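Asks: Pasting the sequence and the predicted model now:
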Amino acid sequence: MAQAPSVADRINRVYSSGLEESVQKFLEMLGKLNRAYLTDLEEKVLSLLEAEIAN
């Protein structure tokens, strides 16, 4: 069974210089969190960004 991608891997996939500054800052702050999990709201926002980038 494949391991789920880490938060850092997920952030790296969606982060780009073409994103709005507020989105870049959000992703940077997620990357600096001192925990290995996301809150429900953080997970929802990151999942939304992943879906938007994939389109």
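Replies: Everything's here; your move.

Asks: Contact partners for the residue nearest the centre of the chain?
Replies: Nearest to the geometric centre of the chain sits residue 11, at 3.7 Å (CA atoms, centre = their mean). For residue 11, the contacting residues are 27, 30, 31, 46, by CB atoms under 8 Å, 6 or more residues apart in numbering. The C-beta positions use only the backbone N, C-alpha and C, and glycine is treated the same way.

Asks: what pLDDT does it get?
Replies: On the pLDDT scale, residue 11 is placed at 93.

Asks: Dihedrals phi and psi, it?
Replies: phi -60, psi -50 (degrees, to the nearest 10).

Asks: Please tell me I have it right and residue 36 contacts residue 7.
Replies: Yes: judged on CB atoms under 8 Å, residue 36 makes contact with residue 7 at a distance of 7.2 Å.

Asks: Would you mind telling me which of these two has more residues around it?
Replies: The neighbour comparison of residue 36 against residue 7 (other CB atoms under 10 Å) goes to residue 7, with 18 against 8.

Asks: residue contacts, the more buried one?
Replies: Going by CB under 8 Å, 6+ apart, residue 7 touches 30, 31, 33, 36, 37, 38, 46.

Asks: Looking at those, which are in helices?
Replies: Those of these mapping onto helices are 30, 31, 46, per DSSP state H.

Asks: Spatially nearest residue to the last one (excluding sequence neighbours)?
Replies: What that stands for is residue 46. Using CB to CB, 6 or more residues apart in numbering and skipping the chain neighbours, the partner closest in space to residue 46 is residue 10 (6.1 Å).

Asks: follow-up on the earlier one: I'd like the ones in helices among the contacts of residue 7 as JSON lines, with pLDDT, distance to residue 19 and neighbour count appended.
Replies: Formatted as JSON lines, the ones in helices among the contacts of residue 7 follow (pLDDT from 0 to 100; distance: CB to CB, whole Å; neighbours: other CB atoms under 10 Å):
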{"residue": "30", "pLDDT": "93", "distance to residue 19": "13", "neighbour count": "18"}
{"residue": "31", "pLDDT": "91", "distance to residue 19": "14", "neighbour count": "13"}
{"residue": "46", "pLDDT": "96", "distance to residue 19": "13", "neighbour count": "18"}
